[in-house]
Structures are given as structure tokens and as C-alpha cells.
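Chemist: Pasted the sequence and its predicted model underneath.
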Amino acid sequence: MALNRVSQLCHEITRLWLQLKMITDDILQKEDGPLLAAQIGSELQKQFAILPGGRGINGHPVIFLPDFPAFSELPEEELQNVLRYLTSVPSTTASEVGFILIIDRRLDRWAAVRATLLRIAGSFPANLHLVLVLRPTTLLQRTLSDILFKYNRDEFKMKVVMLSTVTELHAYIDPGQLTTDLGGTQEYHHDSWISHRTAIEAFALMVKTVAQTLQAFGTELAETELPNDAEATVELLQEHTLKKDTMKTDLKVALSQGGRLLACINEPLQADAEYNMTQDEMENLATVQRLMGQLDETETAFDDFWERHRTKLEQCLQLRHFEKHFREVRPQLDVMYERLSGFSEISISPAHAEHVLRELSSHEERAYELIDLALSLANEGDRLIENSHYAEDSIRPKCTELRGVCEEISSTLRSKKSLLLRALELHHSLEKAFQWCEEGIFLLANQPVDRCQSQDGAEAALQELERYLDTAALHTITDHGAICCQYEAVLNPQLRDHIDKVFQKQSSVQEMFEKRRVSLKKLAAKQTRPVQPVAPRPEVKSPLSSPNLQRKDRRFSADSALCKKGESPVHNGSTRHASLSEEEENLAVLRRHVMNELLETERAYVEELLCVLEGYAAEMDNPAMAHLIPSTLQSKKDILFGNMPEIYQFHKRTFLKELEAYTDCPELVGRCFLERMKDLQIYEAYCQNKPRSESLWRQCSDCAFFQECQKKLEHKLGLDSYLLKPVQRITKYQLLLKELLKYSKGCDGADDLQEALSSILGILKAVNDSMHLIAITGYEGNLSELGRLLMQGSFSVWTEHKKGHAKVKDLARFKPMQRHLFLHEKALLFCKRREENGEGYEKAPSYSFKHLLRMSAVGITENAKGDNKKFEIWCNSREEVFIVQAPTTDIKTAWVNEIRKVLTQQLKACRDAKQQKSSDSASPNATSNNTSVSLSPFRQKNQKKQDEKKLEPNLTSEANSCPSPKQKGWNKPSLSADASEEIDGFSSGEDPMNSDTEDDVVKKLAPGKYTVVADCEKAGPQELSVKSGDMVQLIREGEEGQWFVKNLRSGRDGWVAAANLLSLISESKSSQSLSSSDGSVSGNLSTSSSCSETYTSFSDIKP
């Protein structure tokens, strides 16, 4: 049908074009005369030949050659042009009849008459019917002409009649057809005749030109191919419309001129109604009228042709717009259908179902907007078909396709939404049942046992259980088969397992309730005597038995039972839980709850990271999005996202899978954290880059690139919220580990959970410290060369220094300086905190470097006069003293312990270097007194090699530091008056012990309480682990240089090698002295030289 319409339209346009062409061809052919009056105007003005318009008896056109003395002198070309033009003026019919030529030579001679006749006979261009000659009137010439004409008649080769008078002429031609010069009545004005002929010919030429233009334009329109796009169609329609308007203007001008010409020709009739037009005037009138009629017909044909052509172009434009909108809408429908199809109607949790439902709802509005747009386009296509559009066969399938896709999208949307609502309903039912079980377990766990010993208490508890069991019908699910059948469409293996677990849990809880109810009924049925709680007798532990060892053995045995090679720690979980007591079952439920939260949030976290990397980071490399990226953001993807790809790969490929292995034994998940603790340190790099990322985000947050990405992802929150996820996640771990540890007391993995929590807190501390460390400005060296950052914090600081040999306080320091201290393994930095500016991470403080103290040249005094929150840091025999006031006593204690630990490690390194040098110089037969003291394994953890390299040069150059191995005793230097006022002084360059052998050291140890100054890990199953700051008690000495020691902080006890004790402990204020009877070494040691004289001048410290 559409093809028929197209064919009909083409045929109609072709027909109209051919009609127009025929009309214009006729005009062009008829008006294609040999000459025009305007071309020979000067020759016509000579008036040697005229066409007055008269006709002979039989309609022969009359040409009159008036008396013209210079006729013989006329150039042949002029004569030919005038005669050819005059013979072309009459109609073709009149010309075919033949012309009558009247020659007036009444005033001339016969010779001129003869010459004229001969010239005309040889050059007249048309059919010559008769020549009428008015012969000369003089007697002589008339006689000669009569005589000579008879002899020369055959010479002229045409019919010639010699007339003597005008009266004789009237016998051949009616006087009404002759001008007044020939005795006729016809008025003839040669100038007017020339003017009329020029106007008529100009009009004819105009008509011809218009016809040619119309023919060319019609050909162009007929041969025009329809464009393939809307823009080209619009341009073509505008171009053709402009040309059409020009054509119409030319037609109107031609018609206007023709009208004026007709009025001019009819002017005599308007002046005199009885005026009789000559035949030529009538032919002129007919010619102009014919041209006017042809113009009207041409205009009508052109208008019809243009209307058809315009309709075709407009329909083409409508089709191109329809196709363009179809190409825009169709892919959007496909994308929407794919997105909706990608929504899973099977969810794994209520939160997941609600999330998917929210996402689906957010797509629903957009989907219906798109459907409305598509249906509107389909309706527009229907209107085009109803209006007889030529491309019906192309439009109708597209309309059908649009309606089909819209129906698919609507059906998919309704189906997905219905299934998700059913899934959510199932999740809520399961969640309600699970919550009922949890609350029931909580109820059982919180019923006080002592209250149930009485009959009234038992009855009250029983009633409480009965009331709770009455609510089971409203909260639990009863028919497993019915549930699976009802929700078959939304079930997956994971959800089926969840249903099974909920049913199993319901059964377990109901069984627990039934057991408790039976017990309570027995208690309520008889009067029971109150039971007086009796405190258990203290258990005497054998010094040879280590509880830590027993717990370790139990843990290893549990590990071997649960985590065999190739098996998950989940095996045999149900058997293990079945034997738990009621209280332990409650704790197990709480642990599983925390573990579920850990796994669910971990999965969500991985999905969010993937969404950011694919939706934002990957789009920065997409060429189609390049024009939306501002210059400030180009090539800065690594700054904006940091090492997020590395974090995602670790969690996706490794950490999540390993966490899932501990689903049914959450108390053991601490091992997973411990094994991956080194990998989790990648968060430190991310947090260090966060200020730069935040700054870059604030510069570009409003750019079109981020808005487009957020629109595609349909996120309600911006990218900055997702860039904060890794920081929030590493913080979340310690909260979850705390919860697990809270519910795992006494379990096999409790120690691992505690260690994992400590390690995570250590990572958080390292992250926090590094955030401060990168804010230091003004330090010209490399901070990494100062060793690991141990502590950092803000303090009030006073300074003192010596000038010469007199100790002078800095009088300008009545008001303390506010300094931020950074304690590294090799140095202590003093910095000044600057103002905080900006928002978010840009508000992080900055620190201006002020001073540095090498730890190899530092000593400390733990207590300063006047305030228990103060302590002193000094160097170079108190040449420079910094009085530091901590915000609290706990902070002060932590800093003093950490500094003491650093100094102790340096002291050990110094002594090891001394002993190594002694052993290298001693002979092979040296006695045991010259051998170095054996140290416990914890000392291997220190950076011994670095410290030895640092201290070896000082050992050879300093006379006061680290005495030679050949010295049998340590000479304690005298104390200055100022130094004797202080207590607890300690420096890494001072050796408060003699260089005695191990036997001498053992003799100096005595039972008592001591403070541990360094960490020590146990080397054997019966040894004791201690940490810096612990208070220990030496109980008794054993064999082979071992002491039985009790850790008063943890309550644990065990054996420690005597060789290690002197480097691990210092005497508490209430303990006995560590030294021999000749004196105590607990006094101030602040006047000894340090292992190094490298220090920073006091003048470098600035406020």
C-alpha cells in the first residue's frame, strides 16, 4: 500500500513536470524569431520598407516600399534584415499565402524602378504573391517605363503590375487596407509601430526566459534525491522554497508586463469604440494574449508541481525526524530493559532486597518516562500513516517494535517488583522468626538462677516462658514445605539454606524452651531450699605448670581438629555447638550475629569499591567522556583514587573469601586478621593520600564529568562519600573485633582475637601518626631515615641550657612553648602546630619543624619537681634540658616507657658491640668470664644490626662510654649537685651494670618487685612473656640460671633466664635494690656520657 502511494506521488509529479515542460517548450519554439526590432532599430527607422498591417483581397499581407531616393545605396545586409524581419511579423498562415509588395516610385526614374525590382527579385526572403509598382509620373519616364517594362518583364521572375495612379491600386487592394499615402484610410505611425513591436518582442523574450528558468527548476526538482537526515532535508526544503519564490516573482513580473502591453494595444479601442484594428494589430493582440495564457497555464502547472514536491519534502522531513527520534529512543529502551533484566529478583538478605527494590523503584520512574516517550513516538508514526505518508512500510514496523519493547519493559518491571516484594516478605518472615529465636535465647540466658530456686520464682519464670511461647504463632514459620512452595520463584540455594537454618534454630529454641519449662515445672512442683553460694577455693598452681602453655596446647589441638589441610574451619561445627551449655549457646548466637554483620558489610564494601572503580575511575579513560573532564582533573586518577584498586583486589580475591571460611566458627576469625595484617597496611598509603584526594575533589566536584557518572550510576550520594569508604572500613574492623572478643571469652581463638584487635588498633595508630607525620614542614632531611614513628602528641615544653660551667635557666621561658613531639626510633622531633584551615581533610593541622634530638645522645629523668605530669629529656650531660609536661599522667607514663624502651635497646646494642669486640680480641682458650651473655629470643626482634653499625664508631672514640671488656667493674662517676636532686634518670649511653660474667650477675639478683623496661617473648613452653611497663615479682631461683617470675599485671607466672632479667627490669620504688651490697644503681645516672656526642645546638629550638 505504501509503495502504491509512493508510486502515485512520483507519477503525479512526473506528469506535472512533463506538462510544464511542454508548455515552456511551445513558448520557446514559437517565440524563437530570426531577428528582433530592437536589433535592427536603426534600419527600421530609415523607413525604406514598412508593414502597415493591411491585407489584400485574399488576405495577402501588404509590404509597402515608400519613395526612398537612396534605396539603391542601401547595403544589401540592411535590406535583407528589414525584409526578413517584416516578413516574420505576420502569422505563419498569412505568410504562406504570399505577400503583396507595393513599390512607390512615382517621383523616380525607370532605371531606378528596374534596379529596385531586380534587387527585390533576388533578395526577398518570403513567398511573394504580387508586386504593384506605381511608375514614374513624368511623361518621359512614364513612356520609357511602358516600353521597357514589356521587354524586361521576364527578367524580374515575379508577377509585377505597373500602375499609373493610386486609383488603379484600389482595384487590387481595398482602400481601407492602405495608408493615407496610397489613398487609403488606414492611420499608420511608424514610430508607434516600432515601439509596439519592441514591447511585444521584449515581453515574448521575458516569457521565454521565465519558461527556460521554470523548465530548469522543474528538471532540478524532478531529479532531486531525498536526503538521509533531517538537517539536510530542512536545508533542501529552504533552498527549493527560496527558488520557488523567485520563480513566482518572475512570473508575476511577466504577467504584469503582459497586462500593460495588452492595455496599450487596446488603447485605440478604448478611445474610439468604432476603431477597426488592422490585421497586424489583431495578430499582435492575439500574440500577447496567447503568451499571457501560456504564462497562466505555466504558473498553474508549476504551482501544482511545487505543491507535490513540497509535500514530498515535508513528508521526507517528518520521516527523518521520526527515524532520528526512533534511533534515540530505541537504544535507551534496550539499556533500560537490560538494566531491569539485570536486577536479581532473588535476594540474599532483607537489606539486599530493600536495596534492590529501592534501586528498582528509582529506575521505575525513568522507565515509565521512557515508555511514555516511546509510545508518543509510535502515535506520531500512526498520524503520519493516516496522512498518507509515502514511507508507510518503513514507519509501521518501527511503531510496532516500539510498542512491543515498551510492553516488555512494563512486564519486566512489574514482574521484578512483584518478585522482590515477595522476596522481601519472605526475608521479613525469616527475620521475624530469627529475631524471635534470638529474643528467646536472650530471655533464657537472662532468667536469674537464684530466683528460680524458690517456688514462686520458678512459677514466675515458667509463666514468662509460657507468655513468650504464646507469641510463637505470630512470629515463627511453621510449614517448611508450604514456605518453599509459596516462594519457589524467589528461592536460591543460599536462601533455602537460610530457611533450613531458621527452621533448625526454631526447633532448637523450642527444644531449649521445653527443657527449661520441664525444669521449671519440677522446681515449681516442690519447695526447694535456698542454696547459699559458696566461693570456690583458690587453686594452687604449680610453678612448673604454665597456664599459657595449656591454653596454647588447647588452641593448637582445636586448630588441628578444625582446620585440616584443604578443609574449612567450619567442619564439625554443629557437633561442637551441640555440646555447649545454655550460656555458651547464647554467646555463640551473638558471635554468629557479629560474624554475619562482618560478612554482609564486607560484601557490600567490595561491591561499593567495584562500583566506584568501574563507574568513575574507568570512565576517566573513556574517550567518549574525555570532553567532560576538566583540565585540573586530567591525568590525576591516581591522586583522586589513591591505591583503591589495590584495596579492592585484596578484599575481592583474598580477604572476603578467607573471612567466609570462618562463617560457622567466628571465634577463630582472629587468625584471618593476623595472617593478613601485613596486607591491611595498604590502608596507610590510602589515608596518607586522602588529603590530596580531598583537595582535588573540592576543585572539581561540580564538573559535568562527576555529575554524568553519578547520573549513570544513579547514586544519590556523590563520589566523595564513596572515597571515604576505605577509611570507614578499616575503622569498622576494630569495632567488630571488639564485639567478637566480648562474646568469645574463654574460647579457643580469644587470644588471636585480642592480638588481632591490638594489631588493627596499631594500624589505626600508624595511620593516624602518618597523617600527622606527612604534615611536617621545614625539615630538610629524610624522615624515613629516622626510623619507625613510635609515638606523637602535643606537650608543653620548657627549655634550659648551660653557658660555660654555670647552669642558667632560660629566663624568657616562663610561659611554656606548645610543641608537638614525634618520637622515632633514632630521633625525637620538636614541631610547632599551625592553625587549621579549610574543611574536611583540608582542615588537618600542619607542623613546622623546630628541633631534633638524636636518641643516641638522649637521657631522661622520669619525674620533674613540681608536677607528676612532667619529665625531662636531656642530652650531653644535661647541656640541654627539655622539661616536658604531658596532658595526663597516663600519657606521661606511656611516653617515658617508650623512650626507656628505645634507650634500653640502644644500650643492649652498645653492650653487644662491646662484647663482640671483646670476643674478637680474646684468645680461643678464653674462660667463660669473657663470653657474652646469652639473650632471650625477643632481642632478635630489635634492629640490632642497624644499632650496632651506628654505635661502633662511638665505641672506639669515646672514653667515657661503654668501658672496655678488660675492665672487671663499672666505675660510677660522681653526681653533680643538680643531678643528685633528680631521680629515675636514665640514658642510653650509660651502663648501670658491671661487665661481670653471668655467674656474677646471678649473685646480684634478689627476690622482689620490679618494673619491666623492655618486651620479652617466651622462648619455651614454660617461660613467661612480659611487656614494657609490667610489674613483675621474682619469687625464687631455680636451676640452670632460671628464676620463677610472676607477672603482677596479668597474673601469669613462668620461668625467665637470669641472664635476661638484668636487661629487662628496673627496681620499683618499693622493691629491693638490684645492685650488690656496695651500693644501689637506682639513683640518678644522668651525668654519664652518652654513646654519641652528636646533638643539636640549644639555639636551634625556636618557639
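Modeler: Now that the structure is in, tell me what you want to look at.
Chemist: For the closest residue to I200 other than its chain neighbours, which residues are in contact?
Modeler: Take I200 and drop its neighbours on the chain: the residue closest to it by Cβ to Cβ, 6 or more residues apart in numbering is N284, 5.7 Å away. Every residue, glycine included, has its C-beta placed from N, CA and C. With contact set as Cβ atoms under 8 Å, 6 or more residues apart in numbering, N284 has these partners: H196, R197, I200, I265.
Chemist: ranking these by neighbours, who comes first?
Modeler: Highest neighbour count within these, by other Cβ atoms under 10 Å: I200, with 24 neighbours.
Chemist: hang on, isn't that residue packed against T287?
Modeler: Yes - under the criterion of Cβ atoms under 8 Å, I200 makes contact with T287 at 6.3 Å.
Chemist: Now do the contacts for S759.
Modeler: Applying Cβ under 8 Å, 6+ apart, the residues near S759 are F673, L674, M677.
Chemist: for E314, that is, sorry about that
Modeler: L237.
Chemist: State the three-state secondary structure for the residue nearest the centre of the chain.
Modeler: Ranked by distance to the mean C-alpha position of the chain (Cα atoms, centre = their mean), the top residue is C709 at 3.3 Å. Three-state call for C709 (DSSP: H, G, I helix; E, B strand; the rest coil): helix.
Chemist: Which of the contacts of N284 fall within helices?
Modeler: When the contacts of N284 are checked against helices (DSSP state H), the matches are H196, R197, I200, I265.
Chemist: Out of those, which is nearest to I774?
Modeler: I200 (101.2 Å; Cβ to Cβ).
Chemist: Quick check: the closest one vs C264, distance?
Modeler: Noted for I200: a distance of 10 Å to C264, by Cβ to Cβ, to the nearest Å.
Chemist: R327 too?
Modeler: Distance from R327 to C264, by Cβ to Cβ: 62 Å.
Chemist: Which residue of the two possesses the greater neighbour count?
Modeler: Ranked by neighbour count (other Cβ under 10 Å), R327 and C264 place C264 first, with 16 against 10.
Chemist: Now the two most distant members of the contacts of N284.
Modeler: The most widely separated members of the contacts of N284, counting by Cβ to Cβ, are R197 and I265 (11.3 Å).
Chemist: quick one: low-confidence ranges for the stretch 401-550 of the chain?
Modeler: Applying pLDDT under 70 to the stretch 401-550 of the chain picks out residues 449-453, 526-550.
Chemist: make that the stretch 851-1000 of the chain, sorry
Modeler: The stretch 851-1000 of the chain contains residues with pLDDT under 70 at 920-1000.
Chemist: Could you check how many residues crowd around G404?
Modeler: For G404, using other Cβ under 10 Å, the count is 11.
Chemist: and if you look at Q634?
Modeler: By other Cβ under 10 Å, neighbour count at Q634 equals 10.
Chemist: so it, which of the three states?
Modeler: Here Q634 is coil, with the state taken from three-state DSSP.
Chemist: confidence score at it?
Modeler: The score at Q634 is 87. That number is its pLDDT.
Chemist: Quick check: phi and psi at it.
Modeler: Main-chain torsions, Q634, degrees, to the nearest 10: phi -70, psi 140.
Chemist: who's in contact with it?
Modeler: Under the criterion of Cβ under 8 Å, 6+ apart, Q634 has no contact partners.
Chemist: quick one, longest strand in the chain?
Modeler: Looking across the chain with DSSP state E, the single longest strand is strand 789-803.
Chemist: So which bits of that strand are buried?
Modeler: 789-801 (16 or more other Cβ atoms under 10 Å).
Chemist: now those residues in a markdown table, with distance to L83 and pLDDT?
Modeler: A markdown table is the format used below for those (distance: Cβ to Cβ, whole Å; pLDDT from 0 to 100):
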| residue | distance to L83 | pLDDT |
| --- | --- | --- |
| L789 | 123 | 86 |
| L790 | 129 | 87 |
| M791 | 129 | 88 |
| Q792 | 124 | 89 |
| G793 | 128 | 90 |
| S794 | 126 | 91 |
| F795 | 131 | 93 |
| S796 | 133 | 92 |
| V797 | 132 | 92 |
| W798 | 137 | 90 |
| T799 | 134 | 89 |
| E800 | 140 | 83 |
| H801 | 138 | 73 |
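Chemist: Closest one of the residues you listed to D334?
Modeler: Nearest to D334 among the buried residues of strand 789-803, counting by Cβ to Cβ, is L789 at 55.6 Å.
Chemist: ok, how many other residues are close to the residue lying closest to that closest one once chain neighbours are set aside?
Modeler: Excluding its sequence neighbours, the residue lying closest to L789 (Cβ to Cβ, 6+ apart) is D769, at 4.9 Å. By other Cβ under 10 Å, the residues close to D769 number 19.
Chemist: before we move on, what about D479?
Modeler: When neighbours are defined as other Cβ under 10 Å, D479 has 10 of them.
Chemist: L419 versus that one, what's the distance?
Modeler: The gap separating D479 from L419 is 21 Å, by Cβ to Cβ.
Chemist: With V858 instead?
Modeler: With distances taken as Cβ to Cβ, V858 is found 70 Å from L419.
Chemist: So which of those two has more stuff around it?
Modeler: V858 (26 against 19).
Chemist: is it true that that one touches L907?
Modeler: No - applying Cβ under 8 Å, one finds V858 not in contact with L907, separated by 11.9 Å.
Chemist: quick one: T213 from K243, how far?
Modeler: Using Cβ to Cβ, T213 is found at 9 Å from K243.
Chemist: one step back: rebuild the ones in helices among the contacts of N284 as a markdown table, extending it with distance to G642.
Modeler: Formatted as a markdown table, the ones in helices among the contacts of N284 follow (distance: Cβ to Cβ, whole Å):
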| residue | distance to G642 |
| --- | --- |
| H196 | 97 |
| R197 | 97 |
| I200 | 93 |
| I265 | 97 |
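Chemist: could you dump those residues to a markdown table with pLDDT and distance to R591?
Modeler: Listed next are the ones in helices among the contacts of N284 as a markdown table, based on pLDDT from 0 to 100; distance: Cβ to Cβ, whole Å:
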| residue | pLDDT | distance to R591 |
| --- | --- | --- |
| H196 | 83 | 121 |
| R197 | 84 | 121 |
| I200 | 84 | 116 |
| I265 | 81 | 119 |
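Chemist: Restricted to strands, list the contacts of S759.
Modeler: Using DSSP E, no member of these sits in strands.
Chemist: I'd like those laid out as a markdown table, including distance to G218.
Modeler: Formatted as a markdown table, these follow (distance: Cβ to Cβ, whole Å):
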| residue | distance to G218 |
| --- | --- |
| F673 | 88 |
| L674 | 92 |
| M677 | 88 |
